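> need coordinates for the following:
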Amino acid sequence: MPKKVLFINQEIAPYVPESELSVMGRDLPQKIQESAFEIRTFTPKWGTINERRGQLHEVIRLSGMNLIIDDTDHPLIIKVASIPQSRLQIYFIDNDDYFMKRQMDVDESGEEYPDNGERAIFFARGVLETVKKLRWTPDVIICQGWMGAVVPLYIKKAYNEEPFFANTKVITSLFEKHLVNDLGGNFKKCVGFKNADAKLLSVYNETFNFIELGKLALDYSDGVIVASNAVNSDLVDYARAKALPVMEHPEGDYAQAYVDFINKVCD
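Reported below is the predicted structural model:
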């Protein structure tokens, strides 16, 4: 049986401009799929994505769920598209409040959205609930970008007793791109879900910034990938101190390096 790999990508080209993160979001799932793995790929439906040009369409049978965050119902909308010249299908997580009318991490003036943490929470829960609806059981989840940083916590604490995720391993991929501002106290209040109690965040600094978010991801991951030459060294050191399996930034045939690391973490 081929291993099932769930990619949770913050950015995917060509739907957003090319960057180290968005190019890897596009190329890596395709290369892993070509290595005889079964994959699913998710990304936010950022408001900058042109739905007509990208040929996105809503999947009614997967949409319609409401996710409660900060005591407010937020409808979950699922859209799909396929990248041209590839067999790669992308699932997009959408919502009027968090994504549809807004850009990625910063607004038109270049300021980070103050509710970026809540957007990450909605995205993480939206992906995992949709995977359940697909009745698909991933062997491993690879989180690329800070938008997926809450996923490891939820897999290990909120969804760990559900058959779809009970044996799922989680790999956090570290990139150079990062947030600048504090995610705010409201993030800590909103993150609680099932057994992923918000009290679990009491061990982190009061100022919950990008570094603390990274530590949260690593604390509940089974492996970490140094996916860029300019990754924050504090997070890499933190992963090593926890004795997590670490894949160094690969040179040459990076796809084979990922395949080998996935097998190492899963075995």
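
> tell me the contacts of the residue nearest to residue 179 when sequence neighbours are not counted?
For residue 179, ignoring the flanking residues on the chain, the nearest one in space by Cβ to Cβ, 6 or more residues apart in numbering is residue 210 at 4.4 Å. Where C-beta positions appear, they are placed from N, C-alpha and C, glycine not excepted. Each residue near residue 210 by Cβ atoms under 8 Å, 6 or more residues apart in numbering is listed here: 146, 178, 179, 180, 232.

> now do residue 82
Contacts of residue 82 by Cβ under 8 Å, 6+ apart are 55, 88, 89, 90.

> got the contact list for the third one?
For residue 89, the contacting residues are 41, 80, 81, 82, by Cβ under 8 Å, 6+ apart.

> do the same with the last one
Under the criterion of Cβ under 8 Å, 6+ apart, the neighbours of residue 90 are 12, 15, 41, 42, 43, 80, 81, 82, 83.

> again, but for the first one
With contacts defined as Cβ under 8 Å, 6+ apart, residue 55 is in contact with 81, 82.

> now it: how far from residue 12?
Distance, residue 55 to residue 12, by Cβ to Cβ, to the nearest Å: 14 Å.

> in the protein, which residue is closest to the centre?
By Cα atoms, centre = their mean, the chain has its centre lying nearest to residue 148, at 2.6 Å.

> I figured it hits residue 6, correct?
No - between residue 148 and residue 6 no contact is recorded; they are 10.1 Å apart, counting by Cβ atoms under 8 Å.

> quick check: pLDDT value at the residue nearest to residue 10 when sequence neighbours are not counted.
Counting by Cβ to Cβ, 6+ apart, residue 10 lies nearest to residue 145, which is 2.5 Å off, once chain neighbours are set aside. Turning to residue 145, the model gives it a pLDDT of 90.
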